[in-house]
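Provided below are the primary sequence and the corresponding predicted coordinates.
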Amino acid sequence: MKVAIKDNICTKDMPTTCSSEMLRDFTSPFDATVVSLLHQAGAHIVGKTNCDEFGMGSLNTHSIHGPVINPWKSLSSDITPRSAGGSSGGSAAAVAAGLCDVALGTDTGGSVRLPASYCGVVGLKPSYGLLSRWGVVSYSDSLDCVGILTRNTKDIADVFPVLNDYDAKDPTSIPLPVRAKASKLLSVHTFSRWNRDASYLSGLRIGIPQEYFPAEIQSSVVSPIRALFTELRGLGATLVPVSLPSTSYALSAYYVIASAEASSNLARFTGIEYGTHVGPPPEADLTKASRVYAHSRSNGFGREVQKRILLGTYALSADAFDNYFLQAQRVRKLVKRDFDHVFAVPNVLSSSPSEASSQSKVDVIMHPSAIRTAPPIDSGSESLDTYVQDTLTVPASLAGLPALSVPAGTADDGWPVGVSVVGQWGCDELVLRVGEIVQAVTAGRDSQSSSSD
Ligand SMILES: NC(=O)C[C@H](N)C(=O)O
């Protein structure tokens, strides 16, 4: 199996640049645990993939290697280069172009799911803490997850067990008894009602959250998703409208928390202990170490990374801590609670009880993965619009839930649309099983339309 690895995951026989000047010449002395596990399973690592610098971006335009161009061939005459999505854009593009069978990415707030949606491939962000992050360059420790991209959900289902193991070297790795308890709860609350081996869906309850169809969403993204919902109902699924009321606050909370954690994690890149040392300007006072650090950091980090370090440092300062960082943590709790209220499977990691009546509880939630199809590459990668691309992916990240983006057809512009299947913490197997059925349904639709052409 040919596997590509995102360039923020350490490999000892290939450089790991994080697409940053700061690590342009860095090669790790060790393999990340996920890379070692792939080697042990006989995978052939074919290369490293471009990404946004240190994983920060939604369009894969912040990179010393240049932007990643989406390989999807539009059926229309529109050939303006489009973004592959970020930050794991290189991984999604490599899979979509057939350069590898599987690619690893990382997903902090949507970095696997958004590129998967834009490039027409499948991308899994597993439950937080299941896949080891040892040897993955940290961006935001409480959110970062290693993710998997492939063309078929079935291939993710094959690779996921290879990587899904406790790792004592990662302090956030979830111990085996907790994983076992989550599997048991899934069996009791869902697999007792819905047969996981079936290709029909009767017994399965799918929640459709109204908040995931916001005003910003392109209407032509919604059409294939609505068509899919009708098809899933035809297979026996029960579709239940659900409400996740804190969703609209999630994006702001995410960018406060992620930037705050990034400012702390990236403090180690001083150009002395870690990172490229850029010689001081001629007028520098070399007795001041801070001047030497500042010069290396100003030249080693790109603009987006510098912006997040500044914002994150501010959010953690005494003046702003209560208003920004603490508020964001409160929102994070509310987002988690919203999910716990609607899922039939209880959250093994959380103490907040499910308050919904069993009638209204659901096994998975489904929603569009992104508010639009892949944007043109030059559409202002520094504007706030870029952050808005993450609107529908960040809530599952804040709550640490498994989320899978599966191709759901194309929009009016001929570019791919993804649908996300989200489950309770530890329900990755369920999410993958439902994703396989969704992909079979949409693939069947494609083959029907090509035979009638
Ligand atoms: N890393 C990610 O998940 C991408 C997200 N757009 C961010 O910049 O934080």
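Nice, thanks for sending it over. Residues are numbered from 1 along each chain as shown.

need the contact list for T172.
For T172, the contact set (CB atoms under 8 Å, 6 or more residues apart in numbering) comprises Y128, G129, R133, D141. (C-beta placed from N, C-alpha, C; glycine too.)

and P241, that one's in a strand?
Yes - counting by DSSP: H, G, I helix; E, B strand; the rest coil, P241 falls inside a strand.

Which element, helix or strand, includes the residue nearest to it when sequence neighbours are not counted?
Among residues not flanking P241 along the chain, I208 sits closest, at 5.6 Å (CB to CB, 6 or more residues apart in numbering). In this assignment (DSSP states H and E), I208 forms part of strand 205-209.

Which residues does that strand contact?
Contact with strand 205-209 is made by 229, 232, 237-244, 247, 342, 344, 361-367, 434, as judged by CB under 8 Å, 6+ apart.

Okay, and which of those residues map to helices?
F229, L232, T247, V342, V434 (DSSP state H).

isn't the last one right next to Y200, touching?
If I follow you right, that is V434. No - if you go by CB atoms under 8 Å, V434 and Y200 don't touch, sitting 11.9 Å apart.

Between the two, which is the more surrounded one?
V434 (26 against 13; other CB atoms under 10 Å).

so how far is A294 from the residue of the chain most remote from its centre?
Largest separation from the mean C-alpha position in the chain: E283, at 43.8 Å (CA atoms, centre = their mean). Per CB to CB, to the nearest Å, E283 is found 13 Å from A294.

got a pLDDT number for the closest residue to the ligand within the stretch 301-450 of the chain?
Scanning the stretch 301-450 of the chain for the residue nearest the ligand gives D390, at 4.7 Å (criterion: CB to the nearest ligand atom). We have a pLDDT of 95 for D390.

so what's it up against?
By CB under 8 Å, 6+ apart, the neighbours of D390 are S58, G109, G110, L114, L251, Y254.

Contacting the ligand as well, which ones from these?
Residues of these in contact with the ligand (CB under 6 Å from any ligand atom): S58, G109, G110.

thinking again about what came up before, separate out the buried members of the contacts of strand 205-209.
229, 232, 237, 239-240, 242, 244, 247, 342, 344, 361-367, 434 (16 or more other CB atoms under 10 Å).

Pull the contacting residues for S183.
G426, E429.

Now for P402: which residues touch it?
Contacts for P402 (CB under 8 Å, 6+ apart) come out as L124, K125, P126, S127, A396, V422, G423, W425, G426, C427, D428, V431.

Which strand or helix spans the first one?
Following DSSP H and E, the helix or strand that holds L124 is strand 122-125.

tell me what that strand is packed against?
strand 102-107, helix 113-119, strand 145-150, helix 153-163, strand 403-410, helix 428-452 (3 or more CB pairs under 8 Å, 6 or more residues apart in numbering; DSSP states H and E).

Please name whichever of those is nearest to I377.
For the helices and strands packed on strand 122-125, proximity to I377 was assessed by CB to CB; helix 113-119 is nearest, at 11.4 Å.

Centre of the chain to stretch 151-162, how far?
16 Å (CA atoms, centre = their mean, to the nearest Å).

Buried residues, that stretch. List them.
Buried-residue list, stretch 151-162, by 16+ other CB under 10 Å: R151, N152, T153, D155, I156, A157, D158, V159, F160, V162.

Looking at those, which one is closest to L401?
F160 (15.2 Å).

Quick check: the closest one vs S252, distance?
For F160 relative to S252 (CB to CB), the value is 32 Å.

pLDDT wise, what is the nearest residue to S91 once chain neighbours are set aside at?
Leaving aside its chain neighbours, S91 sits nearest to A103 (3.6 Å; criterion: CB to CB, 6+ apart). If you check A103, the pLDDT there is 98.

returning to what we had before: show the model's pLDDT score for the residue nearest to P241.
Predicted confidence (pLDDT) for I208: 98.

And the helices in the stretch 201-350 of the chain, which stretches?
Under the criterion DSSP state H, counting those that start in this stretch, the stretch 201-350 of the chain contains helices at 219-234, 247-265, 289-300, 303-315, 327-342.

okay, the ones you listed, which one's buried deepest?
helix 247-265 (a mean of 22; mean count of other CB atoms under 10 Å).
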